[in-house]
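**Q** okay, here's the prediction I keep looking at, along with the sequence it came from:
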Amino acid sequence: MAVFNTKPDREPFSPQGRFDEDYLKSWLEPLVKEPISRFEIFTLKGDASDRCYFRVHYFRRSAKNSSIIVMQLKEPVPEKEPDFNRMQKFLHHLDIPVPEILHYDAERGLLFLEDGGDTHLEDLARISPDSIIAWYQKAIELIVVMQTRVTKNMQPSCPAYSLKFDVEKLMWEMDFMIKHYIMGFLKRELGQNEESKIRIALLGLCKTLAEEKRVFVHRDFHSRNLMIRRENLMLIDFQDARMGPCQYDLVSLLKDSYVVLEEETRNELLSYYLQRMEQEEDRQLPRSPFLKIFDWMSIQRNLKAIGTFAFQYMEYKNERYIKCIDPTLQYIRDTIHARPDLEPLGQALKQAIPGLNTGTGNGINRS
């Protein structure tokens with residue numbers, strides 16, 4: 001999940017940090033070319049990640065206040081450049097708006113990054129709903145660039161080059177959901193036949209998705225991974241990108257567990273994406289096949305998200321994501337209700353997930 005998916009919770013600086021003020025001053029003063037009088041360091045409340053994050057405010061003698069983000073990797077990797085660094089360099093070279101890497105200390109496992117601020121697309125969607133279309137169109141423009149320019153310039157040096165959403169990866173995520181959500185969070189004791197029926201249904205879904213043409217996908221392209229920086233967006237949490245269906249990032253954005261868009265807004269934005277891709281590729285994109293994969297992809301993506309939310313609670317007693325499960329289940333209910341071709345999968349899932357049996361769905365029928 002997100003690198004800066006944090007709010008500036010004013011928690012005291014954690015002693016687990018592998019740095020202190022003297023260390024910060026030793027490399028930061030030469031960078032800013034000015035003496036630093038003092039620091040304020042806060043531990044950030046991060047998302048589902050094994051990395052630690054800190055916000056460092058530093059005050060120059062000129063009284064100008066600036067800040068940086070410190071990402072502390074789980075373990076130092078002295079002889080290996082992290083995927084985050086390699087991905088950042090690749091995307092930055094292609095003019096994708098990603099945070100600048102200011103300093104990297106391999107021996108300590110520390111990355112010092114440009115601070116993207118505290119305002120996410122999620123925040124803007126809540127406080128300024130009238131501007132939501134324009135900002136989401138900007139997000140879709142980023143998706144279009146990633147699927148065209150970034151995909152066409154893919155190189156082996158980019159970590160995403162050799163990673164893909166194949167059947168194995170997609171099913172791993174479904175098994176993760178079964179283990180941590182159905183059997184863990186819901187405490188359902190699945191019999192061998194019941195579990196087999198669910199896995200067979202999900203396998204059919206994953207095989208269909210894995211057959212799609214692959215493009216560069218961010219993998220976690222939702223409202224908490226898009227920062228508002230002046231009048232533009234900054235993309236974060238990109239280190240796990242891989243190759244997958246063009247619908248993947250669209251699903252992450254338009255069927256987001258954190259911001260639920262109106263159906264009319266979602267359809268308008270889908271049309272905007274199709275229009276932009278037709279302009280870029282100079283060809284017509286058939287709506288019906290595209291929407292089928294969008295809906296099928298949303299089932300897999302939303303189930304994967306629910307598995308992650310459940311894992312955070314079961315493994316770490318992290319209750320932050322429990323409230324996100326219901327709206328994500330609603331997406332699944334609506335999609336199953338709208339698509340007759342998902343009925344067999346829906347029946348298998350409903351037997352194991354009681355929450356899918358409530359409500360009638362309000363999606364637009366795709367048949």
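**A** Ah, there it is.

**Q** from the contact counts, what lies against whichever strand or helix holds N193?
**A** Secondary-structure element containing N193, defined by DSSP states H and E: helix 192-210. Counting contacts by 3 or more CB pairs under 8 Å, 6 or more residues apart in numbering; DSSP states H and E, the secondary-structure elements packed against helix 192-210 are helix 167-177, helix 287-316, helix 343-352. C-betas here are computed from N, CA, C, even on glycine.

**Q** mind giving me the domain ranges of this structure?
**A** Dividing the chain into domains by automatic domain parsing, as the record does, gives the ranges 21-114, 121-357.

**Q** distance between the longest one and the chain's centre?
**A** Read it as domain 121-357. Distance of domain 121-357 from the chain centroid (CA atoms, centre = their mean, to the nearest Å) equals 9 Å.

**Q** endpoints of it, how far apart?
**A** Chord length of domain 121-357, first to last residue, is 32 Å (CA to CA, to the nearest Å).

**Q** got it, and the first one?
**A** Using CA to CA, one end of domain 21-114 lies 18 Å from the other.

**Q** quick one: mean pLDDT for stretch 137-153?
**A** Stretch 137-153 shows a mean pLDDT of 98 in the predicted model.

**Q** buried ones in it, by neighbour count?
**A** By neighbour count, and taking 16 or more other CB atoms under 10 Å as the criterion, the buried residues in stretch 137-153 are A139, I140, L142, I143, V144, V145, M146, Q147, T148, V150, T151.

**Q** then stretch 162-172?
**A** In stretch 162-172, the ones that count as buried by 16+ other CB under 10 Å are L163, F165, D166, L170, M171.

**Q** other SSEs contacting the helix or strand hosting V251?
**A** Secondary-structure assignment from DSSP H and E places V251 in helix 247-254. Packing partners of helix 247-254 (3+ CB pairs under 8 Å, 6+ apart): helix 132-145, helix 263-281, helix 287-316.

**Q** which one of those is the most hemmed in?
**A** Between those, helix 287-316 has the highest mean count of neighbours, a mean of 20, where neighbours are mean count of other CB atoms under 10 Å.

**Q** I'd like the average pLDDT over that helix.
**A** Helix 287-316 shows a mean pLDDT of 97 in the predicted model.

**Q** follow-up on the earlier one: so the helix holding N193 versus helix 167-177, what angle?
**A** Direction vectors for helix 192-210 and helix 167-177, defined by axes from the mean of the first three to the mean of the last three CA atoms, to 10 degrees, enclose an angle of 140 degrees.

**Q** can you list the strands that the helix or strand following helix 192-210 pairs with?
**A** Scanning forward in sequence from helix 192-210, with DSSP H and E defining helices and strands, the next element found is strand 215-217. Strand 215-217 has the following sheet partners, assigned by DSSP bridges: strand 242-244 (antiparallel).

**Q** which residue sits closest to the spatially most central residue of the chain, ignoring its sequence neighbours?
**A** With distances taken as CA atoms, centre = their mean, the residue of the chain nearest its centroid is D220 (1.8 Å). Once flanking residues are discounted, D220 sits nearest to D237: 5.4 Å by CB to CB, 6 or more residues apart in numbering.

**Q** picking up where we left off before, export the helices and strands packed on helix 247-254 to TSV and tack on distance to K197?
**A** Written out in TSV, the entries for these read as follows (distance: least, CB to CB, whole Å):
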stretch	distance to K197
helix 132-145	35
helix 263-281	31
helix 287-316	15
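
**Q** which one of those helices lies closest to T358?
**A** Taking CB to CB as the measure, the helices and strands packed on helix 247-254 were each checked against T358, and helix 287-316 came out nearest at 15.1 Å.

**Q** show me what that closest one packs onto, helices and strands only.
**A** helix 167-177, helix 192-210, helix 247-254, helix 263-281, helix 322-338.

**Q** mind doing that once more with 10 Å?
**A** Using 3 or more CB pairs under 10 Å, 6 or more residues apart in numbering; DSSP states H and E, the elements in contact with helix 287-316 are helix 167-177, helix 192-210, helix 247-254, helix 263-281, helix 322-338, helix 343-352.

**Q** thinking again about what came up before, which of the buried residues of stretch 137-153 lies closest to K80?
**A** For K80, the closest of the buried residues of stretch 137-153 turns out to be V150, at 23.5 Å, with distances computed as CB to CB.

**Q** that older thread, mind putting the buried residues of stretch 162-172 in JSON lines, distance to E264 included?
**A** As requested, these are arranged in JSON lines below (distance: CB to CB, whole Å):
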{"residue": "L163", "distance to E264": "35"}
{"residue": "F165", "distance to E264": "29"}
{"residue": "D166", "distance to E264": "35"}
{"residue": "L170", "distance to E264": "30"}
{"residue": "M171", "distance to E264": "34"}
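
**Q** nearest to E194, of the residues you listed?
**A** Out of the buried residues of stretch 162-172, the one with the shortest distance to E194 is M171. That distance is 17.2 Å, counting by CB to CB.

**Q** go ahead and confirm that closest one touches L303.
**A** No: because the distance of 11.3 Å does not satisfy CB atoms under 10 Å, M171 is recorded as not touching L303.
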